[in-house]
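# Sequence unavailable; structure follows:
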């Protein structure tokens, strides 16, 4: 029996199996090299060339730093990022504390509401700010400064948009509690403030640092909010746009991109380092803490959360309401006029359907690519160096601002000598760009769920002479299904709402809804812009709802084994 | 059993992870149908050796022959073995039957036959009713038995067990020990088990391979390993052993602490070493009368403490303040008849064939060696006490 078995295995051939694994790893490396590293390097080279494509060293940078109108943006960007980070992280810190460590009521509700900004394009809060505090805004008199068009507007809009990102990291950090430490502190009669300083704060320390860097990167690289509500206040991301779209000065666009890449890269490196510490911090024997009630504290926290959620709802509500107003502020009748996108700039309803199509492709192709690459880098043996490279490249997109990636794509794919030149201006380049832009989070999600799967499954199947792809299909994929679904909906929602990366890459046939929001706003059609933004948010919410329903259904049916 | 051609031949295997040497020139021969245990502390290379046999790790040097076939460079798929891991590694989304049949599906076996095979295997592991359950619904012991059935389903020539019992609680572990042994004897399958549990190795194995720092310290039957530990390391690791640092004075005399003693054996030529004997090999006497110093070692020691251990009592005695205390195991009845008092000086005798002497490894580093051996001794004693308790 065993003799025939061996013979069969020999005939089927292991070599074809390793060969297939090598092929997939190589394809993954090639994909990230072509779609990420090559464009970025091209952009670096461009920043050292003049308009005619001749190498001129750092003279572009010399020009840049000799121009105070441009260098001012660096300070502006830092200013915006500093204030937004301060506001968002402190608010999210208290909010996360309330959700995880207090006996507050309605935690689930607060948590759901706080996640809403994730589904809105970043342009939505900016448009909302115009209606709330703009020249004809309903709350204009409350504004302590002269005009919302400028740093105040940008900071407020970004705070809305970045809040859930900070909250998610901090909730995770706060959830890693060890009740035994609190019991020990209590038994030693430690006063609450000291417990907070000596137990609570150290346990979330890394999460907190991590949050600060993530939010700083998000806000310093954001393009949408600053574009809509920045007015004369220039930041790095809008400078790139203005240089490229306004003045057709691609070299200067590349220079600013390189400068914008720096803070993002630095904070990325710091964040990765911190992350490594955090994972090692909690022992597996920790006992999770059960929050206790304390009426005064819980009441105050509930009030705080209500106010925060109130602000979020106000911003969303304002955009929704404004989108139905016939002609602000002269005709306040409700109508659907603003949803007749075909009358406006930006590509009309076609752009909405383009967005749907693009998001669907990104979700389907992206999930497949991400999962395969993560599987290869995590679970197989051959080509250790290539797999290391794969992991490194997969982390890089997080450090690349969308607008920089978009510009890099122009340089790389629009180059006449690039054989891939043909995809320029098509749906393909939009899908590719969006996938790469949001790659890292998806990769990490997939890797985390794969790490939780027993590392010996591949060894067992090899001993049973079952090829790896059979085990991938029959065991690994079903086990990782929840995270696969998470990845697909994450890609869909972000593809729907992203502006920064694709703003350089669409063509007349592939206009996108999020870009249309931008153009309608530029043309002064603020209400239709708000309407489109609301539509995008609604679509994302529906997608999320569907995802919840489907995953619920699928999990019920196929994951019977999860019940004990 | 054909002893002239071993079933598995391992020749000069070498493997390192960075600067850490996991396998250092390992050579070993295993006969068909043997039950072999790789025993050693964590990090000694036993698991790496098992994984190299399976093809899950690739050795840097050396070769492996299985059943006359050179499998040194073959990937696991082309080797002939079944494997069971400590973590069970059962596929949680497949039923028990599907798990067991996982490797059968590839053999183009008709569905009916496959079904019969699964049922027969479930019968063999004494769990006939659980085919439709999922692994999550089973206890740890049941899961491990299913994993065993899955590994045996394709009728491999070699069964590899990687600490299969370590994750189970004590009672289940004892039960499963017997079951694995019975199954192995019945099927006659060549089996290699990795374990750090000396009891497991002593009770289950035909032969034990004791490993230390990537090298084989000793290969032998459980009795040989226990009664004739080849090195100080083996003595320390298997069972409890009194190990006393000693200076060699002559052919038959040693300096133990500040006392000179005559030993009933010819000592090797060296400066210092370690004298070892098992706690249960010590005889207790009220006086030195009638003790023959030619065939046993006679010592006088002070009784410090008496530990009740259930089936026996362990006496903790001091021979010399400079030496670690000596452990003596006595049946409870003997303690009752002799009634030694704490603080009293007693006479001990150890028969010559129960005495072991291990010369210190290197002359040049004698001093350093001795000190590190001393500190190691403290730990060794602690470990022994843990092992004994």
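Looks like it arrived, so ask away. Bear in mind that the values here come from a model prediction, so they are computed numbers and not experimental data.
# So the closest residue to residue B:215 other than its chain neighbours: helix, strand or coil?
Spatial nearest neighbour of residue B:215, chain neighbours left out: residue B:24 (5.0 Å); criterion: C-beta to C-beta, 6 or more residues apart in numbering or on different chains. All C-beta spots, glycine's among them, are computed from the backbone N, C-alpha and C. At residue B:24 the chain is in strand, as set by DSSP: H, G, I helix; E, B strand; the rest coil.
# And residue A:71, by the same measure?
Under the three-state scheme (three-state DSSP), residue A:71 adopts helix.
# List the contacts of it.
Residue A:71 is in contact with A:64-65, counting by C-beta atoms under 8 Å, 6 or more residues apart in numbering or on different chains.
# Kindly report the same for residue A:541.
Applying C-beta under 8 Å, 6+ apart, the residues contacting residue A:541 are residue A:119.
# and it, which of the three is it?
helix.
# I'd assumed residue B:214 was in contact with the residue nearest to residue B:215.
Yes: when contacts are counted by C-beta atoms under 8 Å, residue B:24 is listed as touching residue B:214 (4.0 Å).
# so how far is chain A from the residue nearest to residue B:215?
For residue B:24, the distance to chain A (C-beta to the nearest C-beta, to the nearest Å) stands at 23 Å.
# ok so, going back, overlap of the contact sets of residue B:24 and residue B:214?
Joint contacts of residue B:24 and residue B:214 (C-beta under 8 Å, 6+ apart) are residue B:45.
# Among these two, which residue is more densely surrounded?
Comparing residue B:24 with residue B:214 by other C-beta atoms under 10 Å in any protein chain shown, the one with more neighbours is residue B:214, at 23 against 17.
# Pull up the gap between the more buried one and residue B:208, please.
Using C-beta to C-beta, to the nearest Å, one gets 17 Å for the distance from residue B:214 to residue B:208.
# need the helix or strand of chain A with the lowest average pLDDT.
Among the helices and strands of chain A, helix A:2-12 carries the lowest confidence by mean pLDDT, DSSP states H and E, at a mean of 40.
# which other residues reach the very next helix or strand once past that one?
For helix A:2-12, the following helix or strand on the C-terminal side (DSSP states H and E) is helix A:14-32. Residues outside helix A:14-32 that contact it (C-beta under 8 Å, 6+ apart) are A:369, A:372-373, A:376-377, A:380, A:382-383, A:386-387, A:389-390, A:393-394, A:396, A:436, A:439, A:467-469, B:74-75, B:77-78.
# go on, stretch B:106-118?
Under C-beta under 8 Å, 6+ apart, the answer for stretch B:106-118 is A:5, A:8, A:464-466, A:470, B:97, B:100-101, B:104-105, B:131, B:153-154.
# Which of the residues in that stretch are classified as buried?
Along stretch B:106-118, these residues count as buried under the neighbour rule (16 or more other C-beta atoms under 10 Å in any protein chain shown): B:106-107, B:109, B:114, B:117-118.
# which residue sits closest to residue A:151, ignoring its sequence neighbours?
Leaving aside its chain neighbours, residue A:151 sits nearest to residue A:233 (5.6 Å; criterion: C-beta to C-beta, 6+ apart).
# give me the number of residues near that neighbour?
20.
# give the contact list for residue 104.
Because you didn't say which chain, this covers chain A. A:98, A:110, A:298, A:301-302, A:305.
# could you do chain B instead?
Counted by C-beta under 8 Å, 6+ apart, residue B:104 has contacts B:114, B:117-118, B:153-154.
# Could you dump the buried residues of stretch B:106-118 into TSV and include pLDDT, distance to residue A:460 and secondary structure?
Shown next, in TSV, are those (pLDDT from 0 to 100; distance: C-beta to C-beta, whole Å; DSSP: H, G, I helix; E, B strand; the rest coil):
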residue	pLDDT	distance to residue A:460	secondary structure
B:106	77	13	helix
B:107	79	16	helix
B:109	82	19	coil
B:114	91	18	helix
B:117	93	18	helix
B:118	95	17	helix
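# Need those residues in TSV (columns: distance to residue A:351).
Below are those laid out as TSV (distance: C-beta to C-beta, whole Å):
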residue	distance to residue A:351
B:106	51
B:107	56
B:109	57
B:114	56
B:117	60
B:118	57
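# farthest pair in the residues you listed?
B:106 and B:118 (14.5 Å; C-beta to C-beta).
# Thanks again, I'm all set now.
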